[in-house]
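**Student:** Quick check, what structure comes out for this input:
(2 chains)
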Amino acid sequence: MTEIAANTKAANSNRLSHRFDKLTIEWLFNPFRFIAGFKALLLGLAIILISVFVGSFSNTHFDGVLDVHTGAAAPMWLFLAEGIINWICMAVPLIFFGLIVSRSSFRIIDVIGTQALARWPYLIAAVVMLPDANQRVIVYIMSKLTQTAPAAAIGSIDVLIFGFAMFVTVLMIIWMVALMYRAYAVSCNIKGAGAVITFIVSLIGAEVLSKFAILSLLG
Amino acid sequence: MKVLPAICPSCNSQLKVKSLICERCQTEIQGQYELPTLARLSTDDQAFILEFIKASGSLKKMAGLLRLSYPTVRNRLDEIIERVELAEESKQDDKEEKL
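**Tutor:** Here you go, the predicted model:
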């Protein structure tokens, strides 16, 4: 009897942990199953604002839909404009294709809200770019490339930190693209090849458009 | 509780009702009746439709009840609409075949 009870308990706990794993994976890779619309928009905008604010400490610019670059010091409004431009440049073509391809009557607030929330991995990218070691390595690499004397010596710890930051940033870019695709598929109810093709076209168009928009801001 | 089967477990064709019985007087009616469109859907789909009616057809309310986002619930409804349309088409095909 106790054996049966123990087995049942183990089976229940297995089922619970499996459910928990599934939920965690869904929250990580498809949070839009649970959150969309105005809630996603508010949360997404807050995350964009925090990301650009954190990024501004290390002069990390999100100067394109997929770009993360450490560059020159800039006024806060430029960091903010980059964040907003990236989000809008991605959302607009997706709405356009959604209207053409989707057979469902979707809400625009879901597209713009989920696209804002999909940018949350860039908050992690902004955090890993914070250590000064990243700037030291970038200055060193730039001085080597431009054949000028190194501005400051770099240590192996600096290189390690920089390597880690680059690795995490690439992962965050991939994660963000996956989230942007899921956001598009869920909010416009599009599946299959049509979804993939229109998403890739939108992504390329948005990257070009955002680059132009940000460059035009710089004068 | 037993679930009304709609699809033949042997050949995957649409099942039909052959007999109905009154539990009180044991009167049995034999014939060949079509299953209603909604009965052809899966139990999950039927449960969703029932909840949808109870929520006065509000997707927002459904999203709150199911703790899912609005587009997820709307996508689920779209899938059910597609299945209903397919079920109606196959019903129409059956009628045309008989004629």
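**Student:** what about the helices in chain A?
**Tutor:** Shown for chain A, the helices assigned by DSSP state H span residues A:2-29, A:37-57, A:76-101, A:108-117, A:121-128, A:132-145, A:156-188, A:192-218.
**Student:** what residues are up against the residue nearest to A:Ser104 when sequence neighbours are not counted?
**Tutor:** Nearest residue to A:Ser104, sequence neighbours excluded (C-beta to C-beta, 6 or more residues apart in numbering or on different chains): A:Asn189, at 3.7 Å. All C-beta spots, glycine's among them, are computed from the backbone N, C-alpha and C. Contact partners of A:Asn189, counting by C-beta atoms under 8 Å, 6 or more residues apart in numbering or on different chains, are A:102-104, A:106, B:71, B:74-75, B:78.
**Student:** Out of those residues, which two are the most distant from each other?
**Tutor:** Using C-beta to C-beta, the pair of the contacts of A:Asn189 lying farthest apart is A:Arg103 and B:Pro71, separated by 13.9 Å.
**Student:** Compare these two and say which is more crowded by neighbours.
**Tutor:** B:Pro71 (30 against 9; other C-beta atoms under 10 Å in any protein chain shown).
**Student:** Chain A against chain B: which residues are in contact?
**Tutor:** Applying C-beta under 8 Å from any C-beta of the partner chain, we find that chain A lies next to chain B at A:32-37, A:40, A:103-104, A:106-107, A:110, A:114, A:186-187, A:189.
**Student:** Most neighbours of all those, which one?
**Tutor:** Going by other C-beta under 10 Å, A:Ser187 tops the residues of chain A next to chain B with 34 neighbours.
**Student:** Surely that residue and A:Ala116 touch.
**Tutor:** No - using C-beta atoms under 8 Å, A:Ser187 is not in contact with A:Ala116, being 11.4 Å away.
**Student:** and for those two, which residues touch both?
**Tutor:** By C-beta under 8 Å, 6+ apart, no residue touches both A:Ser187 and A:Ala116.
**Student:** what number of residues lie near A:Phe162?
**Tutor:** Neighbour count for A:Phe162, taken as other C-beta under 10 Å: 23.
**Student:** contacting residues around it?
**Tutor:** A:133-134, A:137-138.
**Student:** List buried residues within the residues you listed.
**Tutor:** A:133-134, A:137-138 (16 or more other C-beta atoms under 10 Å in any protein chain shown).
**Student:** that older thread, now the helices of chain A in JSON lines, with mean pLDDT and distance to B:Lys16?
**Tutor:** JSON lines is the format used below for the helices of chain A (pLDDT from 0 to 100; distance: least, C-beta to C-beta, whole Å):
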{"stretch": "helix A:2-29", "mean pLDDT": "71", "distance to B:Lys16": "37"}
{"stretch": "helix A:37-57", "mean pLDDT": "95", "distance to B:Lys16": "43"}
{"stretch": "helix A:76-101", "mean pLDDT": "95", "distance to B:Lys16": "38"}
{"stretch": "helix A:108-117", "mean pLDDT": "97", "distance to B:Lys16": "41"}
{"stretch": "helix A:121-128", "mean pLDDT": "95", "distance to B:Lys16": "53"}
{"stretch": "helix A:132-145", "mean pLDDT": "86", "distance to B:Lys16": "70"}
{"stretch": "helix A:156-188", "mean pLDDT": "95", "distance to B:Lys16": "38"}
{"stretch": "helix A:192-218", "mean pLDDT": "94", "distance to B:Lys16": "34"}
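**Student:** Pick the most deeply packed of the ones you listed.
**Tutor:** helix A:108-117 (a mean of 24; mean count of other C-beta atoms under 10 Å in any protein chain shown).
**Student:** From the contact counts, what lies against that helix?
**Tutor:** Counting contacts by 3 or more C-beta pairs under 8 Å, 6 or more residues apart in numbering or on different chains; DSSP states H and E, helix A:108-117 is packed against helix A:37-57, helix A:76-101, helix A:156-188, helix B:70-98.
**Student:** and the angle from that helix to helix B:70-98?
**Tutor:** Angle, helix A:108-117 to helix B:70-98, by axes from the mean of the first three to the mean of the last three C-alpha atoms, to 10 degrees: 130 degrees.
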